[in-house]
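**Q** mind looking at a prediction? Sequence and model below.
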Amino acid sequence: MKRSDSLPWLAVGGVMAATLLAFLYAPTEQVQGNIQRILYVHVPAAWLAYLAFIIVAVASILVLARRHDWQRFDRIASASAELGVVFTTILLALGSIWGRRVWGAWWVWDARLTSTLVLWLIYIGYLVFRAMSPPGERRARLSAVIGIVGAVDIPVIHFAVTWWRTLHPGAIAPMPGGSTIPAAMTITLLVSLVAFTVLFAVLLTTRIRLAEAADRVESLEALEPARV
Amino acid sequence: MKRFGWLLWKDAVTELRSFERLSTLLLFAVAVLVTLHFSLPPESTARPKVAAGFLWAALLFASLLELRRSFESERRDGTLDGLRASPLDPSLLYAGKVASSVVVLGVLAAMLVPLTAVFFSGRPSGIAPAIGVALLGILGLVAWGTLFAAVAAGTRGAEIVLPVLLFPLVVPQTIACVRLLAYYLAGDKLSSLGTGYILLGAFDVLSLGTSLLLFDYVLEE
């Protein structure tokens, strides 16, 4: 069995283990109740969203810096952007469900949520641009510019949104939590983080391989156009 | 430096010479303000509070039209290729476009700010500083906007791609500019006026600097 074959199984096993731990092993939180278990997926989703966008940023810089190899880095950047949007969507959706239960609101405009929403919009914009552009070097180059601008602006946006919140203090959504977190919860969260990270790695490499295959098909078709 | 001046002159004068264009932009912005005004019930006390936001929204939409035009007319004339072929530094080209768009939108803002004050009858404490604040906001908006107008120029659905890319990225300018405008137009309390200005200035420097660096890559080939 090739080494790369075992990773998907590891991902599946890991996520299953995390799910079992989250529902059966982790204790029920005193204040929030069972809705707190959603955080065992929500937190990994947040971590992976940021990881994905860091990868987009680095790959985008490499698209511009390593011109001879732009295809490889362009595939990495776009695959990671797709995954980033997926995980940010999960993050926002789960967070909203959690918030409805705990804060009584589907949405609040606190600094964290607002910044995440803007982040989501930026990377959807990245994908929209790619969808509307003919594939090729130009699209890769311009996507890289968008990716870099996004990465540069996101901390600035977060800072601006935080400053905006401080202008009207007091409206900060409280994060409920006990003073000591039981070890079982920490263990469950860690298992979940690792499991979802492995899943992310599997999804990313698969997506990149898919893009490679698509590019190969395209270059073959260019050599010998399909006869109608 | 002379080349920059020539670029600025060419773009800005072509634009201002056609007062038709500028007055249409003004008409468009007023139409936006009037439309937004209907979001409030009549005699609403919220009117001064939303003035700054409505003004910025009108400027945002007007800037989309102005930015598209910034590259549209040159593509049609073929002068973009001519500019690329010339020994002109892409950075100069970028600076020229930013400057000319800022001039056009700045003139628009100078007319729109007092109009907003009149429409939304707050107690404006300073029309002149409000125009200055609007100009600072426009600078950042046009800095990112010029870069992304060039990026979007080749795509189909470019008129959608530009705002989709631009609006989230100018959130810092939006926040800082609107908060400052609200101070001047509606007397909103602002804990530190200086901080607001510094932030807006810093956002502008960041967007100008980054766009200047990246514009070369967009203009290639």
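**A** Perfect, thanks for sending it.
**Q** not counting sequence-adjacent ones, nearest residue to the closest residue to chain B within chain A?
**A** Nearest residue of chain A to chain B (C-beta to the nearest C-beta) works out as A:Ala160 at 3.8 Å. Using the backbone N, CA and C atoms, a C-beta is placed for each residue, glycine as well. Leaving aside its chain neighbours, A:Ala160 sits nearest to B:Pro172 (3.8 Å; criterion: C-beta to C-beta, 6 or more residues apart in numbering or on different chains).
**Q** and for the one you found, the neighbour number?
**A** When counting by other C-beta atoms under 10 Å in any protein chain shown, one arrives at 27 neighbours for B:Pro172.
**Q** tell me how far it lies from A:Phe159.
**A** Separation of B:Pro172 from A:Phe159 (C-beta to C-beta, to the nearest Å) stands at 8 Å.
**Q** just to revisit the earlier point, the residue of chain A closest to chain B: what's it in contact with?
**A** B:Val171, B:Pro172, B:Ile175, B:Ala176, B:Leu199, B:Phe203 (C-beta atoms under 8 Å, 6 or more residues apart in numbering or on different chains).
**Q** ok, the residue nearest to A:Ala160 touching A:His158?
**A** No. Counting by C-beta atoms under 8 Å, A:His158 is not a contact partner of B:Pro172; they are 9.5 Å apart.
**Q** from what I can see A:Thr116 touches A:Leu91, true?
**A** Yes. Using C-beta under 8 Å, A:Thr116 is in contact with A:Leu91, at 6.6 Å.
**Q** sorry, back to before: tell me the most packed of the contacts of A:Ala160, by neighbour count.
**A** Going by other C-beta under 10 Å, B:Phe203 tops these with 29 neighbours.
**Q** my read: that residue touches A:Val156, true?
**A** Yes. Here B:Phe203 lies in contact with A:Val156, judged by C-beta under 8 Å, at a distance of 6.5 Å.
**Q** one step back: how far off centre is the host helix or strand of the residue nearest to A:Ala160?
**A** Using DSSP states H and E, B:Pro172 sits in helix B:171-186. Mean-position distance between helix B:171-186 and its chain equals 14 Å (C-alpha atoms, centre = their mean, to the nearest Å).
**Q** could I get that helix in CSV with only the CA atoms?
**A** Written as CSV, here are the backbone C-alpha positions of helix B:171-186 (Å, rounded to 0.1, in the frame of the first residue of the first chain):
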residue,chain,number,x,y,z
VAL,B,171,-13.5,48.2,4.9
PRO,B,172,-10.8,50.0,6.9
GLN,B,173,-11.2,53.2,4.9
THR,B,174,-15.0,52.8,5.1
ILE,B,175,-14.9,52.5,8.9
ALA,B,176,-12.4,55.4,9.5
CYS,B,177,-13.9,57.7,6.9
VAL,B,178,-17.5,57.3,8.0
ARG,B,179,-16.7,57.6,11.7
LEU,B,180,-14.9,60.9,11.0
LEU,B,181,-17.6,62.1,8.7
ALA,B,182,-20.2,61.3,11.3
TYR,B,183,-18.3,63.5,13.7
TYR,B,184,-18.4,66.5,11.4
LEU,B,185,-21.9,65.9,9.9
ALA,B,186,-23.8,64.7,12.8
